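J.: Model the structure of this input:
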Amino acid sequence: MGFNSKLEFYKKRQFSDKLNATFSFLRENAGPYLKAQLLIAGPVLILVSILMNEVSGGLIALAMDPESISANDIIDMLGAYGLSIISILVTLALIPAVTYGYMIQYQTHEPKDISMSGIMKGFSSRFFNFLGYNILYFLAITFISFIVGFIFSLIAVAAGALSLLFGFIAMVGVLIFMVVLFLGTPIIAFEKSNPIDAFGRVFTLAKGKWMSTFGLVVVVGLVGYIINFVFALPRGIVTGFEAFTMIQEEGDIQGLNDLITNDPLSILFSVFESFGTIMLYTLVYIALAFQFFNLVERRESRGLMTKIEGMDTEGEEASDEDY
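T.: Sure thing, here's the model as predicted:
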């Protein structure tokens, strides 16, 4: 008989209940779950951090002394930028793949019995579906942003003051749209859907629940951001102190590029910062999962039907008993 999870997945939950479920799940499974994330997604996040440092250093060097930048420097910086974008897309596929792989195992296993092999079961299909969905997501956001920008420019020409109001409303609308679309990730994981079907399924499930989804992600995102900030703070302090010392001693900031990209201490703290990044994304994706379970239960009563089927099965087994 399978393990009855402490947290029921397919269940109607109010806003506060979804928050409690998110933090309860993470608290109950912190050890094995974070170990899996660090082993699988950790190395990629470190690579992303190094690449982003490279891009940041190049931008600082360009801003400080644009005439000294050669064509090769620009090509190298663009290459690092391109790799960082690819790495981010991979990261946004890796972290939910591990998160939902763990949650799938959690339904039938005790946390102490969840193994890396169990989490990796079906990992490749989830990962590539998430990656495909991320690409589709960014294309959709780019298209929507282009349309909004085009309309904004037309309104700005016709009525300048009105364009500010439209711009604010449009910005909020695009932001809500961006957040709600992330529901596609738990859809892919728990319904074994492909990226295109998941994209359409989002609108079916989220109908009438856009604001609750957006609010949930914003709240857990803020908590995750604070945690991420705490882990990023040591690197910021060390880099800021060394930059201040450099300016005081040398009178310029030409060496900031090397400080950001090559300083061993900065790189070490980048590794530490990666743990905060995992926590940020973890909270968001777990919260999205419980919102998905909530929406499915409200529209399809999947959890209730499973319980009824279980009761029918137990009744049939009892009636077949021999005397």
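J.: C-alpha only now, for contacts and for neighbours.
T.: Will do.
J.: Quick check: which element contains the spatially closest residue to Gly221 that is not a sequence neighbour?
T.: Distances taken as Cα to Cα, 6 or more residues apart in numbering put Val284 closest to Gly221, at 6.0 Å, once the chain neighbours are dropped. Under the criterion of DSSP states H and E, Val284 resides in helix 264-300.
J.: just to revisit the earlier point, wait, the residue nearest to Gly221 sits on Val223?
T.: No. The criterion here is Cα atoms under 8 Å, and Val284 misses it with Val223 at 9.6 Å.
J.: Looking at the two, which one has more neighbours?
T.: Val284 (22 against 16; other Cα atoms under 10 Å).
J.: now the more buried one: how far from Thr185?
T.: Going from Val284 to Thr185 by Cα to Cα, to the nearest Å gives 11 Å.
J.: Helices along this structure, start to end?
T.: For the chain, helices defined by DSSP state H occupy the ranges 15-40, 42-64, 71-106, 116-119, 123-158, 160-181, 184-191, 195-205, 210-250, 256-262, 264-300, 302-319.
J.: Mean neighbour count, those helices: which tops it?
T.: The highest mean neighbour count among the helices of the chain, using mean count of other Cα atoms under 10 Å, belongs to helix 184-191: a mean of 23.
J.: What is it packed up against?
T.: helix 71-106, helix 123-158, helix 195-205, helix 264-300 (3 or more Cα pairs under 8 Å, 6 or more residues apart in numbering; DSSP states H and E).
J.: pLDDT-wise, which helix or strand of the chain ranks last?
T.: Ranked by mean pLDDT, DSSP states H and E, the helix or strand of the chain with the weakest confidence is helix 256-262, at a mean of 52.
J.: so where's the stretch 201-323 of the chain uncertain?
T.: Scanning the stretch 201-323 of the chain for pLDDT under 70 picks out the ranges 238-270, 303-307, 309-323.
J.: please redo it, this time with the cut-off set to 90
T.: Along the stretch 201-323 of the chain, segments meeting pLDDT under 90 span 206-209, 224-225, 227-281, 298-323.
J.: which regions of the stretch 51-200 of the chain sit below the pLDDT cut-off?
T.: Judged by pLDDT under 90, the stretches of the stretch 51-200 of the chain that qualify are 51-92, 107-126, 138, 141-142, 144-178, 192-193.
J.: who touches Thr99 in this structure?
T.: Contacts for Thr99 (Cα atoms under 8 Å, 6 or more residues apart in numbering) come out as Tyr33, Gln37, Thr282, Tyr285, Ile286.
J.: if I look at the spatially most central residue of the chain, how far off is Ser274?
T.: Centroid check for the chain by Cα atoms, centre = their mean gives Tyr281 as the closest residue, at 4.1 Å. Tyr281 is 11 Å from Ser274, where distance means Cα to Cα.
J.: go on, Arg126?
T.: Distance from Arg126 to Ser274, by Cα to Cα: 22 Å.
J.: just Phe293 next, same as before
T.: 29 Å.
J.: likewise Tyr106?
T.: For Tyr106 relative to Ser274 (Cα to Cα), the value is 25 Å.
J.: Glu300 too?
T.: Glu300 is 38 Å from Ser274, by Cα to Cα.
J.: same deal with Leu136?
T.: 26 Å.
J.: ok, now Tyr100?
T.: For Tyr100, the distance to Ser274 - Cα to Cα - is 20 Å.
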